[in-house]
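[1] I'd like to go over a predicted model; first the sequence, then the structure.
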Amino acid sequence: AQSVTQLDSQVPVFEEAPVELRCNYSSSVSVYLFWYVQYPNQGLQLLLKYLSGSTLVESINGFEAEFNKSQTSFHLRKPSVHISDTAEYFCAVSTSMNRDDKIIFGKGTRLHILP
Amino acid sequence: KAGVTQTPRYLIKTRGQQVTLSCSPISGHRSVSWYQQTPGQGLQFLFEYFSETQRNKGNFPGRFSGRQFSNSRSEMNVSTLELGDSALYLCASSFGVGNQETQYFGPGTRLLVL
């Protein structure tokens, strides 16, 4: 069975500073990886995903994540954060490209942007 | 296009009762998934429907069931409610496959079981 670990439950960072939200997974088979974001008082949104191809995937709002198979990681990064990035971020792993097949979510990381 | 809508938004029930939650996907989306979010367990996948058929199911007891109608609207039912069923229930609709897939979530239904 696969599992996902988000090492930090909360990450405070100053506005315009870079941020990295860590995600590690374990699985005995190939995986597909996802990052979701939940803004305050809003629904969950799929931020980005790695299915195949380039190990670096990007979202439209400046976040990127790199699939590192040797380190079993899929860390989320942004070079300069904004107040609007305040949200909870969830990493998820699935052993099926049909994402929902037994998808496992991490516990989430709350990103606090400090002015 | 209207987004994913879920009704009701808030619900209070007592133990032993049953509840039905509704989800209307984005027009044209045929896949609907349900998730449960609690502070203790986090986000957990419940099930997915595609063209009125359950395609995948998470690790939940049989008290949790669902269905999808021909217009892609979906309902989720929980029978014999337990205190631990208190949660935010999220519905998502998706379109496409692989890298071209897009997924959108509704605002959720917050269920409190007393």
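    Yes, it's here.
[2] Contacts for the helix-or-strand element of chain B with minimal mean pLDDT, please.
    Lowest on mean pLDDT, DSSP states H and E among the helices and strands of chain B sits strand B:102-105, with a mean of 84. With Cβ atoms under 8 Å, 6 or more residues apart in numbering or on different chains as the test, strand B:102-105 has contacts from A:43-46, A:99, B:3-4, B:26, B:29, B:33, B:90-96. Every C-beta, even on glycine, is put in place using the N, C-alpha and C of the backbone.
[3] out of those residues, which are buried?
    Listed as buried from these are A:43-46, A:99, B:4, B:26, B:29, B:33, B:90-95; burial here means 16 or more other Cβ atoms under 10 Å in any protein chain shown.
[4] Relative to residue A:59, how far out is the most centrally placed residue in chain A?
    With distances taken as Cα atoms, centre = their mean, the residue of chain A nearest its centroid is residue A:35 (3.5 Å). Separation of residue A:35 from residue A:59 (Cβ to Cβ, to the nearest Å): 8 Å.
[5] residues shared between the contacts of the two?
    In contact with both residue A:35 and residue A:59: A:47-48, using Cβ under 8 Å, 6+ apart.
[6] circling back to that earlier point, can you tell me which of the buried ones among the contacts of strand B:102-105 lies nearest to residue A:80?
    Nearest to residue A:80 among these is residue A:45, at 20.4 Å by Cβ to Cβ.
[7] Secondary structure element holding the closest residue to that closest one other than its chain neighbours?
    Excluding its sequence neighbours, the residue lying closest to residue A:45 (Cβ to Cβ, 6 or more residues apart in numbering or on different chains) is residue A:37, at 5.3 Å. Residue A:37 belongs to strand A:32-38 when elements are defined using DSSP states H and E.
[8] next one: residue A:41
    For residue A:41, there is no host helix or strand (DSSP H and E).
[9] ok, now how distant is it from chain B?
    9 Å (Cβ to the nearest Cβ, to the nearest Å).
[10] burial count for that residue?
    Residue A:41 is flanked by 6 other residues according to other Cβ atoms under 10 Å in any protein chain shown.
[11] Tell me the pLDDT of it.
    With respect to pLDDT, residue A:41 has a value of 80.
[12] What distance do you get for it to residue B:112?
    According to Cβ to Cβ, residue A:41 stands 17 Å off from residue B:112.
[13] Repeat that for residue B:58.
    Counting by Cβ to Cβ, the gap from residue B:58 to residue B:112 is 22 Å.
[14] more crowded one of those two?
    More neighbours surround residue B:58 than the other of residue B:58 and residue B:112, with 19 against 13 (other Cβ under 10 Å).
[15] Excluding chain neighbours, what is closest to the more buried one?
    residue B:45 (4.1 Å).
[16] and the contacts of strand B:102-105, which of them are in strands?
    A:44-46, B:33, B:90-95 (DSSP state E).
[17] low-scoring stretches of chain A, by residue?
    Along chain A, the parts satisfying pLDDT under 70 run over A:97-102.
[18] one more time with 50
    Filtered on pLDDT under 50, chain A yields no residues whatsoever.
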